[in-house]
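Chemist: please find the sequence and the predicted model below.
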Amino acid sequence: MSNLDRALAEISAIRGQMARASEFRGYGPATFAVTGLLAGLAAVGQAIWLKDPAAHVPAYLALWIATAAVSAAIIGFEMVTRSRRMHSDLAGEMIRAAVEQFLPAAAAGALITATLWRFAPQSLPLLPGLWQITFGLGVFASCRFLPRAMVLVGVWYLAIGLVCLAHSSGGQAFSPWVMGLAFGIGQGLVAIVLQRGVGGANEPA
């Protein structure tokens, strides 16, 4: 390795360390409020058009997976554009660090869904609680470079997920409000924490 290559590698490592040691400001409070609203709208839509979700599990999964995908796309788009404003030259490293923190939990949620669907369909009522728990674990993993109060959001998702698991054997496991309230309130809490921690007052002009 030449001296130039070694120097470039060291600079890249330093930038990565700086990104991991800095508070991430690429998440906007308004965006998370919107995703909470989307969860509420999905719940209303399910209540109106999917009266018996237990008998139409594929439709239930399609609804909530689509809602999650749209929410992730909205958050991802703003994360990129906002990071370029807030973090300037470190934007790429900051985005990569943020994704690396949450990606294992997101992957675990997807793999759990696929595994239960393929090998244990009788356990599918566990999914809402498991989704909430894995999301909470992703929040906990991200807390170290977000406002400290974000840990309360992780606690919310973990607690509500455990409550859902405890009642997953009942007829309400697929109730629209199980997901709608859990993620509607949870994403609203994220928006509040971000607004108080890294909200509009800290944005560059």
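Modeler: Sure, I can see it.
Chemist: list the contacts for P176?
Modeler: Counting by C-beta atoms under 8 Å, 6 or more residues apart in numbering, P176 touches A42, A43, V44, G45, Q46, A47, L50, P53. Heads up, the C-betas are built off the backbone N, CA and C, glycines and all.
Chemist: which one of those residues is nearest G138?
Modeler: Taking C-beta to C-beta as the measure, G138 lies nearest A42 of the contacts of P176, at 19.5 Å.
Chemist: these two touch, right, G197 and V151?
Modeler: No: counting by C-beta atoms under 8 Å, V151 is not a contact partner of G197; they are 11.9 Å apart.
Chemist: tell me which of the two has more neighbours.
Modeler: Shown here are G197 and V151; by other C-beta atoms under 10 Å, G197 has more neighbours (18 against 15).
Chemist: ranges for the helices of the protein?
Modeler: 3-21, 29-49, 57-86, 91-119, 127-142, 150-166, 176-198 (DSSP state H).
Chemist: which stretch in those helices has the least confidence?
Modeler: Between those, the one with the least mean pLDDT is helix 3-21; it has a mean of 47.
Chemist: next one: phi and psi at A149?
Modeler: phi -70, psi -10 (degrees, to the nearest 10).
Chemist: got a list of what A91 touches?
Modeler: G26, V80, S83, R84.
Chemist: CSV for these, including distance to A105?
Modeler: Below are the contacts of A91 laid out as CSV (distance: C-beta to C-beta, whole Å):
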residue, distance to A105
G26, 18
V80, 20
S83, 20
R84, 25
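Chemist: just the buried residues of these.
Modeler: Buried by 16 or more other C-beta atoms under 10 Å: G26, S83, out of the contacts of A91.
Chemist: relative to F102, which of the contacts of A91 is nearest.
Modeler: G26 (12.0 Å).
Chemist: what's near enough to touch V44?
Modeler: Going by C-beta under 8 Å, 6+ apart, V44 touches P176, G180.
Chemist: and the gap between it and A182?
Modeler: Applying C-beta to C-beta, to the nearest Å, the value for V44 to A182 is 15 Å.
Chemist: returning to what we had before: could you dump the contacts of P176 into a markdown table with distance to T35 added?
Modeler: Output for the contacts of P176, formatted as a markdown table (distance: C-beta to C-beta, whole Å):
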| residue | distance to T35 |
| --- | --- |
| A42 | 10 |
| A43 | 13 |
| V44 | 15 |
| G45 | 15 |
| Q46 | 16 |
| A47 | 19 |
| L50 | 20 |
| P53 | 21 |
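Chemist: right, and T113 touches L127 too?
Modeler: Yes: counting by C-beta under 8 Å, T113 touches L127, with 6.3 Å between them.
Chemist: settle it for me: which of these two has more neighbours?
Modeler: L127 (25 against 18).
Chemist: L116 is in contact with that one, correct?
Modeler: Yes: counting by C-beta under 8 Å, L116 is a contact partner of L127 at 6.4 Å.
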